[in-house]
Each structure stands twice: as structure tokens, then as C-alpha cells.
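>>> A structural model of the following input is requested.
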Amino acid sequence: MIWIILIVISLVIIAYSAWNYFRLKKAVTFVDNAEFKQLMRIGQLIDVREPGRFHQSHILGARNFPFQQFEASLGALNKEKPVLIYDDNRGALIPRVANILKKAGYERVYVLENGFEGWDGKTK
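Here you go, the predicted structure:
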């Protein structure tokens, strides 16, 4: 009986993860470092990490919109320009931020594929 419960729980977790993944893929486009650098020229670069992490180091030109204040910061973004977002590489914040942006009507949202940890460009 325990095995059946464990299998059901595992299937629920897998189904939820797959649903979250496909929902995220609809809301954003994942890009590598090279494409992210190109988009930075025309887009709005947002670091969604905590302020402490941001102040330690961040991608040059990024603004810090921590997740807890993200919705309140939306007014500072232009819906006509692409929004480029990144976190460390854990990816825990990206689905939630992407969902907020999608619901607010932002259509061109790009995510740095490997997060800040995989960034090979200029930092501050």
C-alpha cells in the first residue's frame, strides 16, 4: 500500500513539474549568453535576486526588482520593450516572475538560460 501512495505522489510531482515547465515556456523565451547580450541593447534588464546578492555583483546595466517587490515595480517597465530577467541559476523565482509579467501584459520576456552563475559578460 505504501508503494502505491509513493508512486501516486511521484506521478503528481512529475505532472506538476511538467505543467509548470510548459506554462513557463509559453510565457518566456530562454536565451543563451550571446542572444541575451544582443537583446540587452534594446531591452530592459532586470535582476530578480535579493538586494544583497544584487549588490555583491550583477550584470552591468541591470536594475534590481526583488521578487517580493516585483509587482510594485512593474510601473517602471515599458511594455513596448523586451524585458530580460535573470536570477542565480536556481530558477525558483523565474516561473513566478514570468507569470506576473504575462498577466500584466508583457509579451516579450526573455530569460538568461543559465542565470547569473552562467553569465560570461560584464558585471559590476
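>>> only C-alpha atoms from now on, for both contacts and neighbour counts.
Fine.
>>> who does residue 63 form a beta bridge with?
On the basis of DSSP bridges, residue 63 is bridged to residue 46.
>>> just checking, it touches residue 43?
No. Residue 63 lies out of contact with residue 43 (C-alpha atoms under 8 Å); the separation is 11.8 Å.
>>> where exactly do the strands run in the protein?
Using DSSP state E, the strands of the chain run over 29-31, 44-47, 63-64, 83-86, 109-112.
>>> mind putting those strands into TSV with mean pLDDT, mean neighbour count and distance to residue 15?
As requested, the strands of the chain are exported to TSV (pLDDT from 0 to 100; neighbours: other C-alpha atoms under 10 Å; distance: least, C-alpha to C-alpha, whole Å):
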stretch	mean pLDDT	mean neighbour count	distance to residue 15
strand 29-31	90	16	22
strand 44-47	96	23	29
strand 63-64	96	18	33
strand 83-86	96	26	25
strand 109-112	93	22	23
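>>> wait, what's in contact with the residue most central in space within the chain?
Nearest to the mean C-alpha position of the chain, counting by C-alpha atoms, centre = their mean, stands residue 94 at 2.9 Å. By C-alpha atoms under 8 Å, 6 or more residues apart in numbering, the contact list for residue 94 reads 85-87, 111.
>>> could the strands of the chain go into CSV alongside distance to residue 98?
Shown next, in CSV, are the strands of the chain (distance: least, C-alpha to C-alpha, whole Å):
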stretch, distance to residue 98
strand 29-31, 10
strand 44-47, 12
strand 63-64, 15
strand 83-86, 9
strand 109-112, 7
